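In: Return a 3D structure for these sequence lines:
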Amino acid sequence: MKFAISRYGIQVPTSTDGNVTPSIVVDQIVPYAAVSSAFEKSTGVDFGFAVDAWRPNPFFSGTDVHGQNVGNVFTGIDVDVAIRNSNAIMHRVSYQITIIGKIAFFVTR
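Out: Reported below is the predicted structural model:
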């Protein structure tokens, strides 16, 4: 967010009520997640990993710094993973989130 605000010269409003925080208001979203790194401790190969599902977290709604009601505010993604046995370790989950939307500013206290 800081990069986009700086790159495109977006003016950040100020507030005496607290810190102004930018957020993304979602028009379209495409999240994706996958297993990136795994390790098997034992000598056998009886292990497995899966990303069972991925989806956006519930969206946030609130009032922005201009007093307008704003919905569909991005709050992250939720990823369900599965591991087959207790000797295996999943180290990383890769993700990519493509969003088309706009920036809204909220006051955080």
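In: Return the residues in contact with Phe47.
Out: 38, 40, 83-85, 87-88 (CB atoms under 8 Å, 6 or more residues apart in numbering). In this view, the C-beta of every residue, glycine as well, is placed from N, C-alpha and C.
In: How about the closest residue to it other than its chain neighbours: which residues does it bridge to?
Out: Nearest non-adjacent residue to Phe47, counting by CB to CB, 6 or more residues apart in numbering: Ala88, 3.9 Å away. With DSSP bridges applied, Ala88 shows beta-bridge pairing to Glu40.
In: Show me the shaky parts of the protein.
Out: Applying pLDDT under 70 to the chain picks out residues 42-45.
In: So which residues of it form strands?
Out: Ranges of strands in the chain, per DSSP state E, are 19-40, 49-56, 60-63, 69-73, 77-83, 88-108.
In: can you pull the contacts of the residue nearest to the spatial centre of the chain?
Out: For the chain, the residue nearest the mean C-alpha position is Gly76 (2.7 Å; CA atoms, centre = their mean). Each residue near Gly76 by CB under 8 Å, 6+ apart is listed here: 56-57.
In: distance of it from Pro56?
Out: 8 Å (CB to CB, to the nearest Å).
In: and what of Arg84?
Out: Distance from Arg84 to Pro56, by CB to CB: 27 Å.
In: got it, and Val73?
Out: Applying CB to CB to Val73 and Pro56 gives a distance of 11 Å.
In: Now the common contact residues for these two.
Out: Val26.
In: Can you give me the neighbour number for Ile24?
Out: 19 (other CB atoms under 10 Å).
In: OK, contacts around the residue lying closest to it once chain neighbours are set aside?
Out: Once flanking residues are discounted, Ile24 sits nearest to Phe74: 4.3 Å by CB to CB, 6+ apart. Residues near Phe74 by CB under 8 Å, 6+ apart: 23-26, 29, 56, 59-60, 99, 101.
In: List just the nearest of those residues to Ala4.
Out: Ala4 lies nearest to Ile24 out of the contacts of Phe74, by CB to CB, at 9.5 Å.
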